[in-house]
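Undergrad: Need a 3D model of the following:
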Amino acid sequence: TEILPKALLPIKNTTIISKILESYYLYGINKVLITINYRSEIIKSYLSQYKKKFKIKFISERKPLGTVGSLSKLSNLNNPFFLTNCDIFTTYDKSALIKSHLDSKNDLTVVVSKKSINFDYGVCKIDKNNNLISIKEKPIYSNIVIVGQYIISPKILKFIPKNELFNMNDLLEVLFKKKCKVGTYRIKDNDWIDVGQWNLYK
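TA: Just a heads-up that it's a prediction; the model follows:
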């Protein structure tokens, strides 16, 4: 938005970042690291109300580092940790995700979900001579998509370059090349919402 950072989008009488924090607090998680850049002072001021409930530290980016670039600043971590985008709210069982990550001995676990999209046009199948073979009217396409939440084992942080723009897809490419174990944890479509899209936010 022009006014607020995405994390402070209002949801009824609260904000998306508040809902995210509370969803993890239900599972005993109260240590939080938040990467800040855009309008960071507003976020710091807003989150000051949680200082008794959460141990919040901030990672300040002088320049945008992408979805995982700021993780290169982390050190002295011994246990896997959750990573979430600031515009994704979920209601699934976080303890089940932790168990799945540990039981599978993953280096990274990606939370995924099946998403169906209605295509509001007739889709044409055409041969090499531009003859129309068939039409599929307003088909529904389904795919497994990344939700925007993960569990990360600290040992893979060494693959993230310091002070460089680095996104999750970049990290995944490196992990595949290094033969690291990347697993998935599937949740139901109604267990998550992406408020970064105006139609879903509304």
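Undergrad: ok, K6 touching D194?
TA: No - the criterion here is Cβ atoms under 8 Å, and K6 misses it with D194 at 10.8 Å. For every residue, glycine as well, the C-beta is placed using N, CA and C.
Undergrad: This structure: strands as residue ranges?
TA: 10-11, 14-15, 31-36, 55-60, 81-84, 88-90, 108-118, 122-126, 132-137, 140-152, 182-187, 192-194 (DSSP state E).
Undergrad: Let me have those strands in JSON lines, adding distance to I42, mean pLDDT and mean neighbour count as columns.
TA: Below are the strands of the chain laid out as JSON lines (distance: least, Cβ to Cβ, whole Å; pLDDT from 0 to 100; neighbours: other Cβ atoms under 10 Å):
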{"stretch": "strand 10-11", "distance to I42": "13", "mean pLDDT": "86", "mean neighbour count": "12"}
{"stretch": "strand 14-15", "distance to I42": "11", "mean pLDDT": "92", "mean neighbour count": "16"}
{"stretch": "strand 31-36", "distance to I42": "10", "mean pLDDT": "92", "mean neighbour count": "17"}
{"stretch": "strand 55-60", "distance to I42": "12", "mean pLDDT": "92", "mean neighbour count": "13"}
{"stretch": "strand 81-84", "distance to I42": "19", "mean pLDDT": "96", "mean neighbour count": "18"}
{"stretch": "strand 88-90", "distance to I42": "20", "mean pLDDT": "91", "mean neighbour count": "20"}
{"stretch": "strand 108-118", "distance to I42": "28", "mean pLDDT": "94", "mean neighbour count": "17"}
{"stretch": "strand 122-126", "distance to I42": "44", "mean pLDDT": "94", "mean neighbour count": "11"}
{"stretch": "strand 132-137", "distance to I42": "47", "mean pLDDT": "94", "mean neighbour count": "10"}
{"stretch": "strand 140-152", "distance to I42": "22", "mean pLDDT": "95", "mean neighbour count": "17"}
{"stretch": "strand 182-187", "distance to I42": "31", "mean pLDDT": "98", "mean neighbour count": "17"}
{"stretch": "strand 192-194", "distance to I42": "22", "mean pLDDT": "88", "mean neighbour count": "18"}
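Undergrad: which stretch among these comes nearest G66?
TA: Within the strands of the chain, the stretch nearest G66 is strand 31-36; the backing value is 10.0 Å (Cβ to Cβ).
Undergrad: returning to what we had before: I'd like to know which of the strands of the chain lies nearest to I160.
TA: Closest among these, once you apply Cβ to Cβ, is strand 140-152, at 9.9 Å.
Undergrad: So what are the sheet partners of that closest one and their directions?
TA: If you go by DSSP bridges, strand 140-152 pairs up with strand 81-84 (antiparallel), strand 108-118 (antiparallel).
Undergrad: wait, which of these is closest to N169?
TA: strand 108-118 (11.0 Å).
Undergrad: okay, the angle between the closest one and strand 182-187?
TA: 50 degrees (axes from the mean of the first three to the mean of the last three Cα atoms, to 10 degrees).
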